[in-house]
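Visitor: Structure for the following, please:
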Amino acid sequence: MDNSNIYLQCIEKKKNRLIKRESEYNIKLQNLQKENEEYADAVLKLKKIGSDIAISVISGNTAKVEKLKIDSVKYNAIKSEIEKNAGIKPFAFECDICKDTGFFEGKPCQCIKKMVSDILSSSASKFAPMENCRFGTFQLDYYEDSMPDGANPKKRMTKIFKELKEYTINFNPKSSKSLIFFGNTGLGKTHLSLSIMNELIEKGFFVHYDSAFNLFSKIETERFNEHTDTTYKDAVSCDLLIIDDLGSEFVSAYTQSVFYSIINTRILAAKPTIINTNLSLLDIENKYTPRVSSRIMGEYIAKQFIGNDIRQKKIVKKV
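Guide: Coordinates of the predicted model:
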């Protein structure tokens, strides 16, 4: 889905839903007028009272205005009681903040941001275990206090964990830095990337997540078979791009070109990207050309994940 259109689609959906609900509500009231003479009489009297109040206000007859207001309260009470007995509840907006317009104080309302969030989450959850990937479910206890080479995985990962939480809290699509996560499999790179994604989507940011394999395959298929570039546009224009498992895809001259184009375009636009990989910088240089590794080394902040495979530890713990 083209991220640039998601807000417009959600606002249009909200508008159409309001029109449908109002229409259904009005049909119920019209049917009640046909079926209940007392209700129909109250509706007619309220219309006349409204007209008479307008005339009385213009003529300055304040005494009559006050009397008409008392009559209005009386017939509104009758009308409400009949609606209640008929099982018709007062019309209520889905969102009291924007009154279902989709906007509040000139900006998209929180209800629209929630709709956008749900769409992005649904899209990402097709290929990522998003529901389990939260900062609150990240378990630092699985990391060792020491390793044979003298490294302290728990200390390192506790530091990275805190830095990424702070990164998420202070995220700005125009100034946040790009990150690259290095490390062996099963060390939490995907978990923390998706934790960032979950929180930023809930804040209303556009986050495009994909594995390198899926991302490059979709771009190639769209460009040569469908003659579109929706995925490529999303990748270069979203607030945050997350490329997971870089190096797992088949690398061709086309893949190298697309990868460089994406990261270079985002760097020039000062848009942040997060890359997860099991590759080293030397591996990236050998696999994607020196100019790719040069851009990453020069513009990305590296976070090296260390320790032993957490997934294996979890499997052993269950046995």
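Visitor: quick one: contacts of the longest strand along the chain?
Guide: Assignment by DSSP state E gives strand 240-246 as the longest strand of the chain. Contacts to strand 240-246, defined as C-beta atoms under 8 Å, 6 or more residues apart in numbering, come from residues 128, 171, 173, 176, 189-190, 193-194, 196-197, 200, 205-213, 215, 235, 262, 266, 271-279, 284. Placement of C-beta: from N, CA and C, glycine included.
Visitor: mind listing which of the residues you listed are in strands?
Guide: If you go by DSSP E, those have Val207, His208, Tyr209, Asp210, Ser211, Thr273, Ile274, Ile275, Asn276, Thr277 in strands.
Visitor: would a markdown table of those residues with neighbour count and distance to Glu94 be doable?
Guide: Shown next, in a markdown table, are the ones in strands among the contacts of strand 240-246 (neighbours: other C-beta atoms under 10 Å; distance: C-beta to C-beta, whole Å):
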| residue | neighbour count | distance to Glu94 |
| --- | --- | --- |
| Val207 | 26 | 25 |
| His208 | 24 | 28 |
| Tyr209 | 28 | 28 |
| Asp210 | 23 | 32 |
| Ser211 | 19 | 36 |
| Thr273 | 24 | 36 |
| Ile274 | 27 | 34 |
| Ile275 | 26 | 39 |
| Asn276 | 25 | 38 |
| Thr277 | 22 | 43 |
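Visitor: Max pairwise distance over those: which two?
Guide: Val207 and Thr277 (18.6 Å; C-beta to C-beta).
Visitor: Helices along the stretch 1-150 of the chain, start to end?
Guide: 3-35, 37-59, 62-85, 110-124 (DSSP state H, counting those that start in this stretch).
Visitor: Tell me which of these sits most buried.
Guide: Most buried of the helices of the stretch 1-150 of the chain, by mean neighbour count (mean count of other C-beta atoms under 10 Å): helix 110-124, with a mean of 18.
Visitor: So what's the residue count around the nearest residue to Ala151 once chain neighbours are set aside?
Guide: Closest residue to Ala151 apart from its sequence neighbours, by C-beta to C-beta, 6 or more residues apart in numbering: Ile306 at 5.6 Å. Ile306: 20 surrounding residues under other C-beta atoms under 10 Å.
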